[in-house]
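1. Just the structure for this:
(chains A and B)
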Amino acid sequence: MRINEELEIIQPSKLAVEQVSKRFRGRSGEVHALESVSLKIAEGDFVCLVGPSGCGKSTLLNIIAGLEKPDSGRVLADGKPVSEPGRDRMVMFQESALFPWLDVLGNVMFGLKLKPNLNNRERREVALFYLKLVGLEKFVHANVHELSGGMRQRAALARALAPNPRVLLMDEPFAALDALTREQLYGDIQKIWEVRKKTIVFVTHNVREAACLGNRVILFSPNPGRIREEFTVDLERPRDINSVALASYSSRITAAPTGFFNGEDVSE
Amino acid sequence: MRRSLSSVLFFVLLLFIWHLMVRSGKWSVVLLPDPQSVGEYLWGAGKDGTLWQASLVTMRRLLIGYFTGIALGLPLGLLTARFKFCEDTIGVLALGLQTLPSVCWVPLALLWFGQTETAMLFVVVMGTLWSMIIATDNGVRNVPPIYARAARTMGSRQMHTWLSVILPASLPFIVSGMKQGWAFAWRSLMAAEIFVTILTGFGLGQLLHYGRELNAMEQVIGIMVVIVIIGLLADKILFSPWERFLHRRWGTGRS
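-> Okay, the predicted model is just below:
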């Protein structure tokens, strides 16, 4: 009974980024990562933040996650200001960040163990549900080092989904994978988004990937990090990254900031 | 099977060479006893209980001292890794004292505690503690920060993060630190036992020492064999299971 409650499809939250600025002091002087960035993301939306490295898109994701604090401005999740990380906003990183001392199931159960309303049998059941959803049901007891890169990211996805967050924040989760594995995961993530109804914020430097996944594509420009332009992609899902229609979207997005992408490989 | 067979054959061959060296008559049997007389000593000392008694006394000193050292060193290592202040104080102290062979503590320990068990324990703790602090500190510093970040997003906070993320993530370093601590403790205890007689119990080191005083080289060699065997057993019982676990999980080493 509690299991059903736990696995229930919950209302995804809306996010509001209000006038967020952030500077870092590094060895090579000050980096202006974000300058008064504002953004509204609707419930259940799939938004891709795209731009060259150093444009502050990952910083913005970390601020939404609550892992970093903005110098000024604020982020609201369902109207409530974000001050620290929370299980309502789960993060997936570029490296899987799976814990090597736990097996796959142990990793997925890690976040569930911090939920006091579940007992261990229920946690296990919830974890198995998500491992099945990402297609890892045969690798429940595998060690992390035994998984391929793609399987690691699936496990990390299951771990992020397990606490049933309202928002999924993904920081270039597929950047380190080979092209074939990545294309498979494009299909999977679209399917999971449709089944589990999450608000997804997806950071990438790959324009084509952004056009393939997002309902909206937000283009950032660096120094200082700002939103340059916004695109709406209204193609049917599931989308195929190799389709011609998609290519025309991505070339439109790439063409927008002519001059900004010089020397930056955005098309892959 | 084939590998253990070659091990056995190797040691039989060693014994045989040793036996031949004694038979050649080049060295006095007082200096180089026959393996057989070593065996006879071990058998006799095992039968009348002196060997077991001494091993028990030594093991007790070692285990109590060792685990005290671990129990103190682990939290101190966590503190030096977490707080700059502890790093600049305890951390520096540990770094310095780790270079000091702990047998150097024996004269002080005797003056402070007299010829007591406490003096022995003190020497063993000094052998374990510092390397444990340094290994733990080093382990924590080598944990990829992304683990703690990921744990925070899953709702892990302060104490929970330390106990269920930082600590297990630094296990490979901690276990190798424990192994090093064990080696230091074992060596320092043997040195201390040979060096001083403690009236509350005769350990293996003391038996070895009396073997020398009585010119009974078969006793000296016999005790050396026992010391080696205890060292090997400790490795197999205390550390092998941990190391196998680490290798399996982390995918390191040969499995």
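
2. going forward, measure contacts and count neighbours with C-alpha atoms only.
-> Fine.

3. quick one: low-confidence parts of the stretch 1-150 of chain B?
-> Scanning the stretch 1-150 of chain B for pLDDT under 70 picks out nothing.

4. how close does residue A:90 sit to residue A:62?
-> 11 Å (CA to CA, to the nearest Å).

5. Over to residue A:131?
-> Distance from residue A:131 to residue A:62, by CA to CA: 26 Å.

6. same question, residue A:240
-> Taken as CA to CA, the span from residue A:240 to residue A:62 is 29 Å.

7. cool, residue A:114 as well?
-> For residue A:114, the distance to residue A:62 - CA to CA - is 21 Å.

8. The two: which is more packed in?
-> Taking neighbours as other CA atoms under 10 Å in any protein chain shown, residue A:114 and residue A:62 compare with residue A:62 leading, 19 against 16.

9. ok, residue A:154 to residue A:130 distance?
-> Counting by CA to CA - residue A:154 and residue A:130 are separated by 10 Å.

10. Let me fix that, I meant to ask about residue B:97.
-> For residue B:97, the distance to residue A:130 - CA to CA - is 51 Å.

11. the more surrounded of those two?
-> Using other CA under 10 Å as the criterion, residue B:97 and residue A:130 rank with residue A:130 on top: 23 against 15.

12. tell me what the host helix or strand of residue B:207 is packed against?
-> If you go by DSSP states H and E, residue B:207 is part of helix B:204-213. Helix B:204-213 sits against helix B:50-82, helix B:171-195, helix B:217-234, with contacts defined as 3 or more CA pairs under 8 Å, 6 or more residues apart in numbering or on different chains; DSSP states H and E.

13. Could you name the helices and strands sitting against the very next helix or strand once past the longest one?
-> Translated: helix B:50-82. Next along the chain after helix B:50-82, taking DSSP H and E as the criterion, comes helix B:84-86. Helix B:84-86 sits against no helix or strand, with contacts defined as 3+ CA pairs under 8 Å, 6+ apart.

14. Spatially central residue for the chain, please.
-> Answering for chain A, as no chain was given. Residue closest to the mean C-alpha point of chain A, counted by CA atoms, centre = their mean, is residue A:170 at 1.5 Å.

15. nope, chain B please
-> Nearest to chain B centroid, counting by CA atoms, centre = their mean: residue B:182, 2.6 Å.

16. For that residue, give me its contacts.
-> B:66, B:128 (CA atoms under 8 Å, 6 or more residues apart in numbering or on different chains).

17. rerun at 10 Å
-> Counting by CA atoms under 10 Å, 6 or more residues apart in numbering or on different chains, residue B:182 touches B:62-63, B:66-67, B:69-70, B:124, B:127-128, B:131-132, B:176, B:188, B:231, B:234-235, B:238-239.

18. Buried subset of those residues as a PyMOL selection?
-> Buried members of these, defined by 16 or more other CA atoms under 10 Å in any protein chain shown, are picked up in PyMOL with:
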select buried, chain B and resi 62+63+66+67+69+70+124+127+128+131+132+176+188+239
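
19. Tell me who's in contact with residue 157.
-> You didn't pick a chain, so chain A it is. A:90-93, A:96, A:108, A:130-131, A:133-134, A:151, A:168, A:170, A:173, A:189, A:192.

20. look at chain B instead
-> Contacts here follow CA under 10 Å, 6+ apart; on that basis residue B:157 touches A:85, A:114, B:148, B:151.

21. related to what we said a few turns ago, residues shared between the contacts of residue A:90 and residue A:62?
-> Common contacts of residue A:90 and residue A:62 (CA under 10 Å, 6+ apart): A:169, A:170.

22. what residues does the stretch 151-255 of chain B put near chain A?
-> B:151-157, B:160, B:164-165, B:168-172, B:245-246, B:248-252 (CA under 10 Å from any CA of the partner chain).

23. let's go with 8 Å and repeat that
-> Residues of the stretch 151-255 of chain B lying close to chain A by CA under 8 Å from any CA of the partner chain are B:151-156, B:168-169, B:246, B:248-251.

24. isn't residue A:65 right up against residue A:85?
-> Yes. Here residue A:65 reaches residue A:85: they are 5.5 Å apart, a contact under CA atoms under 8 Å.

25. so what sits against both of those two?
-> With CA under 8 Å, 6+ apart as the test, residue A:65 and residue A:85 both reach residue B:153.

26. Residue A:69 - how many residues pack around it?
-> Around residue A:69 there are 21 residues (other CA under 10 Å).

27. That one and chain B: what is the separation?
-> 14 Å (CA to the nearest CA, to the nearest Å).

28. so what's that residue closest to, chain neighbours aside?
-> Leaving aside its chain neighbours, residue A:69 sits nearest to residue A:63 (5.8 Å; criterion: CA to CA, 6 or more residues apart in numbering or on different chains).

29. got a list of what the one you found touches?
-> When contacts are counted by CA under 8 Å, 6+ apart, residue A:63 touches A:69, A:70, A:75.

30. Mind checking which of those are in strands?
-> Under the assignment DSSP state E, those contribute residue A:75 to strands.

31. just the contacts of residue A:63 now: which is nearest residue B:226?
-> residue A:69 (61.1 Å; CA to CA).

32. what's the host helix or strand of residue A:217 packed up against?
-> Under the criterion of DSSP H and E, residue A:217 resides in strand A:216-221. On a contact count with 3+ CA pairs under 8 Å, 6+ apart, strand A:216-221 meets strand A:46-50, strand A:226-232.

33. Residues of chain A that sit close to chain B?
-> With CA under 8 Å from any CA as the criterion, chain A comes near chain B at residues A:65, A:67, A:85-87, A:89-91, A:97-103, A:110-111, A:114, A:143-146, A:160, A:163.

34. wait, which of the contacts of residue A:157 is closest to residue B:58?
-> Nearest to residue B:58 among the contacts of residue A:157, with distances taken as CA to CA, is residue A:108, at 45.8 Å.

35. before we move on, which element is the residue lying closest to the closest one once chain neighbours are set aside in?
-> Using CA to CA, 6+ apart and skipping the chain neighbours, the partner closest in space to residue A:108 is residue A:159 (4.2 Å). Secondary structure assignment for residue A:159, by DSSP H and E: helix A:149-161.

36. With just CA atoms, put that helix into PDB.
-> Extracted C-alpha coordinates of helix A:149-161, given in PDB (Å, rounded to 0.1, in the frame of the first residue of the first chain):
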ATOM      1  CA  GLY A 149      29.500   3.500 -19.100                       C
ATOM      2  CA  GLY A 150      25.900   3.400 -20.400                       C
ATOM      3  CA  MET A 151      24.800   1.000 -17.700                       C
ATOM      4  CA  ARG A 152      26.400   3.200 -15.100                       C
ATOM      5  CA  GLN A 153      24.300   6.100 -16.300                       C
ATOM      6  CA  ARG A 154      21.200   4.000 -16.200                       C
ATOM      7  CA  ALA A 155      21.900   3.000 -12.700                       C
ATOM      8  CA  ALA A 156      22.500   6.600 -11.800                       C
ATOM      9  CA  LEU A 157      19.200   7.500 -13.400                       C
ATOM     10  CA  ALA A 158      17.500   4.800 -11.400                       C
ATOM     11  CA  ARG A 159      19.100   6.200  -8.300                       C
ATOM     12  CA  ALA A 160      18.000   9.700  -9.100                       C
ATOM     13  CA  LEU A 161      14.400   8.600  -9.900                       C
END
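
37. that older thread, out of the helices and strands packed on strand A:216-221, deepest packed?
-> strand A:46-50 (a mean of 27; mean count of other CA atoms under 10 Å in any protein chain shown).

38. Identify all contacting residues around that one.
-> Outside strand A:46-50, the residues that touch it by CA under 8 Å, 6+ apart are A:41, A:57, A:199-207, A:210-211, A:213-220.

39. Run through the strands of the stretch 151-268 of chain A in chain order.
-> All strands of the stretch 151-268 of chain A, identified by DSSP state E, counting those that start in this stretch, fall at A:167-171, A:199-204, A:216-221, A:226-232.
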